[in-house]
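Participant: Following is a predicted model, sequence given first.
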Amino acid sequence: MPKKGANISLSSYDDIFETDASRAEAKQERIQSISILDLVPFENHPFKVVDDEAMLRTTESIAQYGVLTPIIARPLEDGGYEIISGHRRVHAAEAAGLDEVPVIVRDMTDDEATVLMVDSNLQRESILPSERAFAYKMKLEAMKHQGVKDEQTSSQVGMKLQTMDVIGKEAGDSRNQVHRYIRLTNLIPDLLEMVDQKQISFNPAVELSYLKSEEQEVFMEAMDLAQTAPSLSQAQRMKKLSQEGGFTLDAVREIMTEVKKGDLERVTFRNETLRKYFPKSYSTQQMQDTIIKLLEQWQKRKQRDQGR
């Protein structure tokens with residue numbers, strides 16, 4: 001018999017009748033309706049939320065049908081929730097006049113949240129180079145913190161993959177391409193904006209990322225003076241100048257004012273310059289065909305005149 005006064009632990013009524021299924025159900029994530037005011041953006045979120053045509057369409061859709069795909073967020077220690085996936089939907093919902101949105105609340109570490117934030121946003125059709133660059137960089141750092149080794153084995157090919165290989169495979173890019181995108185994060189903001197605006201091509205931009213910040217400022221001045229964007233060859237030569245300690249405004253301006261080989265071989269016209277000479281119904285191909293025919297006629301007439 002137990003001793004008198006001994007401590008006996010009694011299970012509660014709920015514990016006795018709670019089943020494994022009910023305990024599992026309690027742990028399942030549920031969609032909650034949460035005030036937009038309680039949602040805050042992910043810290044250092046690299047994906048831009050802008051009021052473009054796509055956002056307008058999203059806003060109109062949400063105004064008509066509501067938010068069909070729940071936001072994913074994690075609870076914050078000081079209250080409120082940090083958005084992991086759904087920044088654009090929250091912005092559109094607010095623009096549509098909604099006070100609350102459906103949210104899946106999920107407990108996650110900083111690294112887990114970063115990886116999910118990047119992966120969910122990389123599914124978008126249109127992503128700016130700067131967005132992809134910082135997303136890859138954030139995911140790389142998070143995966144290293146999580147302990148993803150540089151020797152993760154691929155079951156398909158039986159070879160060891162480095163972390164960048166894993167990131168590239170999941171995003172549909174090669175390891176080298178992931179590395180090149182991450183290089184873009186070394187560009188000063190004004191230069192990176194030019195890459196986003198397609199004023200500077202991707203490959204030359206990667207080469208320019210090796211320049212020091214102050215050298216990038218000098219390059220921008222030279223580019224403004226030359227009124228032209230650098231070719232890959234020009235960017236590579238400027239990178240070499242930097243490595244050899246010969247990077248000056250005069251040297252860069254000399255490179256930037258060169259006549260590119262492609263400029264010698266190509267003649268271009270703005271569409272609006274030619275459009276006034278053709279019927280509105282003409283396609284670009286019809287305009288091109290007509291120009292070629294007229295040039296052929298001009299050439300034949302010129303040859304006849306020379307033969308007289």
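Facilitator: Right, received. Where do you want to start? Numbering: from 1, shown residues only.
Participant: Show me the shaky parts of this structure.
Facilitator: Scanning the chain for pLDDT under 70 picks out the ranges 1-28, 147-161, 259-272, 307-308.
Participant: A73 should be in a helix, yeah?
Facilitator: No. According to DSSP: H, G, I helix; E, B strand; the rest coil, A73 belongs to no helix; its state is strand.
Participant: Dig out what it forms beta bridges with.
Facilitator: I83, V105 (DSSP bridges).
Participant: residue contacts, it?
Facilitator: Shown in contact with A73 (Cβ atoms under 8 Å, 6 or more residues apart in numbering): 34, 39, 81-84, 86, 103-106. (Glycine included, C-beta is placed from N, CA and C.)
Participant: export the residues you listed to CSV and tack on neighbour count?
Facilitator: As requested, those are arranged in CSV below (neighbours: other Cβ atoms under 10 Å):
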residue, neighbour count
I34, 18
L39, 21
Y81, 20
E82, 18
I83, 22
I84, 26
G86, 24
V103, 25
I104, 17
V105, 17
R106, 16
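Participant: which one of the residues you listed is nearest Q297?
Facilitator: Distances from Q297 to those, taken as Cβ to Cβ, are shortest for G86 (60.7 Å).
Participant: And that closest one, how close does it get to Y181?
Facilitator: Distance of G86 to Y181, given as Cβ to Cβ, to the nearest Å: 24 Å.
Participant: about what we covered before: I'd like the contacts of A73 as a markdown table, with distance to Y277 appended.
Facilitator: Supplementary listing: the contacts of A73 in a markdown table, determined by distance: Cβ to Cβ, whole Å:
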| residue | distance to Y277 |
| --- | --- |
| I34 | 59 |
| L39 | 55 |
| Y81 | 60 |
| E82 | 58 |
| I83 | 53 |
| I84 | 55 |
| G86 | 50 |
| V103 | 57 |
| I104 | 58 |
| V105 | 62 |
| R106 | 61 |
